[in-house]
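Asks: pasting the sequence and the predicted model now:
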Amino acid sequence: MYAGKFAPAFTSAVQIETFLSDAVLRSNPVLPTFFELYLTTKIMVLIRFGKWDAILREPFKPDTTIYLAHTLFLHYGRALAFAATGDVPSAKIEECNFAELRTRLAPDSRLKHNVNVVQMAEIAELIMSA
């Protein structure tokens, strides 16, 4: 991810969020299916670089219908952050929140290139169980 450099990776992730604004995602009902999963990039950058405090400060988006993937992977990031900082009970709560939301996923609900959100969630679930 950007040759292991946090600053360009984070800057790019923030630019994605700027481009894929709430207004853009709401402008057409099909847009969340193909673009909302990109909003998890910032979370993944924070995870990749171990920015645990930043992950825990990251707010949930207000509408889980539109921000399904963001909500799912913020629970994942928070589970990792809590576990990495020694707060195992809170990590388990986030893991449960992730698992509950994961049951509502359909493979075609969110796509990122040729990978769907269920496939990504399966990987995240394996990481959390380790």
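Replies: Received it, and whenever you're ready, just let me know what you need. Numbers count the residues shown, from 1 in each chain.
Asks: which SS state does the nearest residue in space to residue 26 that is not next to it in sequence fall under?
Replies: Once flanking residues are discounted, residue 26 sits nearest to residue 66: 6.7 Å by C-beta to C-beta, 6 or more residues apart in numbering. To be clear about C-beta, it is placed using only N, CA and C from the backbone, and glycine gets the same treatment. Secondary structure for residue 66, judged by DSSP: H, G, I helix; E, B strand; the rest coil, is coil.
Asks: how about the helices in this structure?
Replies: 6-19, 22-26, 31-35, 41-48, 52-57, 68-84, 88-102, 117-129 (DSSP state H).
Asks: which residues are in contact with the last one?
Replies: The reference is to helix 117-129. The contact list for helix 117-129, computed with C-beta atoms under 8 Å, 6 or more residues apart in numbering, reads 37, 68-69, 72-73, 76, 79-80, 95, 98-99, 102, 105-107, 109-112.
Asks: only whichever of the residues you listed are buried, select them in ChimeraX.
Replies: Per 16 or more other C-beta atoms under 10 Å, the buried members of those correspond to this ChimeraX selection:
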select :37,68,69,72,73,76,79,80,95,98,102,105,109,110,111,112
